[in-house]
Structures are given as structure tokens and as C-alpha cells.
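> Quick one, what's the 3D model for this:
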Amino acid sequence: MSRALNPECAHVRGDMRAARLGRRFDAVFVHDAIMAMTTARDLRRVLVTAFAHCAPGGAALFVPDAIAETFRPGTSTGGSDGPARAVRYLEWTRGPDPADTTFEADMALLLREGDGPVRVVHDRHVLGLFPRATWIRLLEDAGFEPRPVPFQGKGGDPTEIFVGVRPRGPRGVRGRGRSAPGS
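Residues are numbered from 1 along each chain as shown. Below you'll find the predicted structure:
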């Protein structure tokens, strides 16, 4: 779908924890797909990947749906109608699990293709949920200067998103004496 909507953009399939495009950008954007990272190790790998693709003086924007301090269990509903298909959904979020860095989200989807019958699908996700301090520490470990930004999240709930600025001078991944790949 993105190729059809954005034919002028390059599209590369890959894992955001390990992709290396061999070039740097003034801006890197990691949207709510970051919620698929359920461990600090995987979150750190995404941040290191973003750092490797961020030009000196550039910035990366990370937009989690929530952080541990702002997460609220609840439900949301929505949907849309198109000429060829329609969808209605109910999302139910629960957790977080105090023993780890995850919460659960279940979605009930009503799908219709054209004038055909309605199909019901259940989709379950285990998603990552990290405290602000973890985000800041991991951004610093990746080499970024972290800047938390207040943001109106899903359903208008206040949360934070994170901007990581790559310094203009040399700086690499902290913690293990290695530099970020591509640095």
C-alpha cells in the first residue's frame, strides 16, 4: 500500500533492530511500531539502528503509544468504510505486567470485502512498555542526546515521545566499548 501511495520513496523490507541501509539521514522516524519491542535489549537495538542512520546533527523521533508512567488500560473503537472494503474494531488493552516490560492488546475486527459477508477476526499483541528513565538511558547508550517531549497520545491521554539528537562530533554506543555500526 505504501508503494502505491508513495511511489517516489524507496521501500526496503527489513528488521528495525538490525537494518543497515548504508546511508545517513537528517531525520529518522520510528512510529508506534516501536511498541513491538518487548525487551530493553530489543529497544536498544532499534535505537542503535536509528543512530547508525542519523547524520551528525540530525535527529531521530521515537513515538511509542505510551510509556510506563502514562499507560492506562482501556478500550477504543473505530473503523472506516472504503469502496472495496470496510473495517470496525474494538481494542482492549490490559496490564502492564509488573514482572516485565509488556502489556497485552486484543483487537476484535469486523471485516467486509465489497458486498460480501462480514468476517470476524481476533488479533492479540504483546507490546513493550518502558519507563521514561529506560528510554533516556537507552537513547544515551546508543549515542543520542535524548529530549523527551510531552505529547497527546491515543485517545487524548498525555504521554511522552522522544527525540534523539545525534551530536556533530564522534560519539558511539556506550556500555560495551563499541561504536554504533555505521558511526
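
> Now do the same for the most centrally placed residue in the chain: helix, strand or coil?
Centroid check for the chain by C-alpha atoms, centre = their mean gives I34 as the closest residue, at 2.2 Å. Applying DSSP: H, G, I helix; E, B strand; the rest coil to I34 yields a three-state assignment of helix.

> A helix includes V46, no?
Yes: assessed with three-state DSSP, V46 lies in a helix.

> Is M107 bridged to anything, and to what?
Beta-bridge pairing for M107 (DSSP bridges): E91, D123.

> separation between it and L90?
Computed as C-beta to C-beta, to the nearest Å, the M107 to L90 distance reads 7 Å. No exception for glycine: its C-beta is placed from N, CA and C like everyone else's.

> list the contacts for R112?
R85, A86, V87, V118, R119 (C-beta atoms under 8 Å, 6 or more residues apart in numbering).

> can we see that at 10 Å?
D81, G82, A84, R85, A86, V87, R88, V118, R119 (C-beta atoms under 10 Å, 6 or more residues apart in numbering).

> related to what we said a few turns ago, overlap in contacts of M107 and L90?
Overlap of the contact sets of M107 and L90 (by C-beta under 10 Å, 6+ apart) consists of S76.

> Checking the most far-flung residue of the chain relative to its centre next. Helix, strand or coil?
Distance from the C-alpha centroid of the chain, by C-alpha atoms, centre = their mean, peaks at D115 (34.7 Å). At D115 the chain is in coil, as set by three-state DSSP.

> show me the contacts for R124.
Here R124 is in contact with W92, E104, A105, D106, M107 (criterion: C-beta under 10 Å, 6+ apart).

> Having no further points to raise, I will conclude here.
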